[in-house]
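> sharing a model that was predicted from the sequence below.
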Amino acid sequence: MTRHERPARHLLMWAWLLLAIPVAGGAADEEEVSESQLSQQAQQLVQQLGSRSFLKRKQAMNELVKIGLPALNSLEDGALSDNREISYRCDRVLLVVRELDLQRRLLAFLRDTEPDKYELPGWPLFRAVAGEGPDSKLVFVEMQKADAELMRTAEGSGKEMAGLLMQRLVVTSRPRTTASDPLALGRTGAILFAAGDPRVPVTQQVAAYVHRMVSNSGVRTAMTGNVGTADVMRKLLSRWLRRQRDTDPYVNLLVALQFDLKESLGFSLKVLEGAKRPSGARRVALQSLNRFGDSKHAQLVERFLTDTSVLSATSSVDGKRVRIQLRDIALATLITLRKQDHRKFGFPHIRFDSNRNFHLDSLYFASEEDRLAAFTKWKEFEQASKEKKSS
């Protein structure tokens, strides 16, 4: 290849433009050429790739791209040629032809009500996780565009997928993916899809890389909001989180809560039932139970009604500095699990977000006397409930 010739990526860009050009119909069309004729023409063009003339080489490459799939066999044979010029150019054109074919198939896949017939790698596994609605198909197409190589490993061995996954994770750990990255959705989706594959081992290293990736601002943009594609992305993240067994439950809890995923419940139970953790970790776990738990978790929460660890200091309505303790959060969580009114049990200033999670700074008591009164009232309520059940 001479210094005057453009690299393959420019040929790719030109080829992609063909996707947008409609095929005209009518009597003015050229006579239809059979596939065998195109194949024969491709063989001649492959030989022309070794011409001494730059213009002939360039013309041959363009014509081979236009022929497309019927030229595939000739190009594959040419890629093995002893002529280095022919071999090199066949490799470049093969890249374009395969990419252009994939783009056409993806476009048809999006529009078709029977997407299975396109046999795109990874689709059966992806469909089982995310469904086959329009948003799921859109995310899947973006994944194919962003990383077709990784998606192809869905049909191969888990070892191959694990190797490529680690390479991708190392790259994403660098500060490159941003909210303006047009492939952020596809890159993230493909990585989460591969990480969630049951054939790929879950290691501390992989988990650390995935945690770092989903904390990226561009990735968070792709996974939050009310748009349907964000729901699909959260399904992929949920699938990966469900595979976590031996990694740090607290870190996984933080990730799950960040995207409001019910998988946080399992991690919160591990945090509360396992070895003693810092009060901050127990606080997050209790808040997860408040969001996703139910009455069967009340007994576990009761263990923390005597924990006086101070979590934060805040100002009350009258300007006094008050301290919020872990037991205050445990009480508020119990009231939620029992489906009672927080304001009737000592939390007159409580505030909630759109998911009915309470704001930590709204759980304050104006005085220690008010705190003791609230806990006393709750004990009386629980005792009355037990007596009512036993009668």
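In hand now; what should we look at?
> and the longest helix along the chain, what's buried?
Ranked by residue count under DSSP state H, the longest helix found in the chain is helix 84-111. In terms of neighbour count (16 or more other C-beta atoms under 10 Å), helix 84-111 has its buried residues at 86, 88-90, 92-97, 99-100, 103, 105-106, 109. Every residue, glycine included, has its C-beta placed from N, CA and C.
> distance between that helix and the chain's centre?
Relative to its parent chain, helix 84-111 has a centroid offset of 27 Å by C-alpha atoms, centre = their mean, to the nearest Å.
> other SSEs contacting the helix or strand following that helix?
As assigned by DSSP states H and E, the chain's next helix or strand after helix 84-111 is helix 123-130. Other helices and strands packing on helix 123-130, by 3 or more C-beta pairs under 8 Å, 6 or more residues apart in numbering; DSSP states H and E, are helix 134-146, helix 184-195, helix 228-241.
> closest one to Val206 among these?
Closest approach to Val206 among the helices and strands packed on helix 123-130 (C-beta to C-beta): helix 184-195, 6.4 Å.
> what average pLDDT does the helix or strand just after that closest one get?
As assigned by DSSP H and E, the chain's next helix or strand after helix 184-195 is helix 204-214. Averaging the model's pLDDT scores along helix 204-214 yields 91.
> repeat that for stretch 337-349.
pLDDT averaged over stretch 337-349 gives 94.
> show me where pLDDT drops low in this protein?
Scanning the chain for pLDDT under 70 picks out 1-33, 175-182, 226, 316-319.
> what do you get if the cut-off is 50, keeping everything else the same?
Low-confidence segments of the chain (pLDDT under 50): 1-8, 14, 16-31, 177-179.
> let me see the contact set for Trp378.
Trp378 sits next to Leu331, Leu334, Ile335, Phe345, Gly346 when contact means C-beta atoms under 8 Å, 6 or more residues apart in numbering.
> among the helices and strands packed on helix 123-130, which is nearest Thr172?
For these, proximity to Thr172 was assessed by C-beta to C-beta; helix 184-195 is nearest, at 6.7 Å.
> packing partners for that closest one?
Under the contact criterion of 3+ C-beta pairs under 8 Å, 6+ apart, helix 184-195 touches helix 123-130, helix 134-146, helix 148-152, helix 158-172, helix 204-214, helix 217-223, helix 228-241.
> got the angle for that helix vs helix 204-214?
With axes from the mean of the first three to the mean of the last three C-alpha atoms, to 10 degrees applied, the angle from helix 184-195 to helix 204-214 works out at 160 degrees.
> thought Gly78 was touching Leu49?
Yes - here Gly78 reaches Leu49: they are 6.8 Å apart, a contact under C-beta atoms under 8 Å.
> which neighbours do those two share?
Residues touching both Gly78 and Leu49 (C-beta under 8 Å, 6+ apart): Ile86, Arg89, Cys90.
> what's the nearest residue to the second one if we skip its chain neighbours?
Counting by C-beta to C-beta, 6 or more residues apart in numbering, the nearest residue to Arg89 once its immediate chain neighbours are dropped is Leu49, at 4.3 Å.
> tell me who's in contact with the one you found.
Arg57, Ala60, Met61, Gly78, Glu85, Ile86, Arg89, Cys90.
> with Ala190 instead?
Going by C-beta under 8 Å, 6+ apart, the list of residues near Ala190 reads Met143, Ala146, Asp147, Leu150, Met151, Arg168.
> separation between it and Leu165?
Shown here: Ala190 relative to Leu165, a distance of 9 Å by C-beta to C-beta, to the nearest Å.
> count of residues packed around Lys339?
Neighbour count for Lys339, taken as other C-beta atoms under 10 Å: 8.
> please apply the same query to Ser288.
27.
> quick one: which helix or strand includes it?
Using DSSP H and E, Ser288 sits in helix 279-292.
> which helices and strands does that helix pack with?
With contacts defined as 3+ C-beta pairs under 8 Å, 6+ apart, helix 279-292 has these neighbours: helix 249-258, helix 264-273, helix 298-302, strand 310-315, helix 326-337.
> at 6 Å what do you get?
With contacts taken as 3 or more C-beta pairs under 6 Å, 6 or more residues apart in numbering; DSSP states H and E, helix 279-292 sits against helix 264-273, helix 326-337.
> and the angle from it to strand 310-315?
80 degrees.
> just the angle between helix 279-292 and helix 249-258, please?
If you take the same axes, to 10 degrees, helix 279-292 sits at 40 degrees to helix 249-258.
> and helix 279-292, C-alpha only, in PDB?
Output in PDB follows, covering the C-alpha atoms of helix 279-292 (Å, rounded to 0.1, in the frame of the first residue of the first chain):
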ATOM      1  CA  SER A 279     -21.900   1.600  60.900                       C
ATOM      2  CA  GLY A 280     -22.000   3.300  57.500                       C
ATOM      3  CA  ALA A 281     -22.300  -0.100  55.800                       C
ATOM      4  CA  ARG A 282     -25.100  -1.200  58.100                       C
ATOM      5  CA  ARG A 283     -26.800   2.100  57.500                       C
ATOM      6  CA  VAL A 284     -26.800   1.400  53.700                       C
ATOM      7  CA  ALA A 285     -28.000  -2.100  54.200                       C
ATOM      8  CA  LEU A 286     -30.900  -1.000  56.400                       C
ATOM      9  CA  GLN A 287     -31.900   1.600  53.700                       C
ATOM     10  CA  SER A 288     -31.900  -1.200  51.200                       C
ATOM     11  CA  LEU A 289     -34.300  -3.200  53.400                       C
ATOM     12  CA  ASN A 290     -36.500  -0.100  53.700                       C
ATOM     13  CA  ARG A 291     -36.700   0.000  49.900                       C
ATOM     14  CA  PHE A 292     -37.000  -3.700  48.900                       C
END
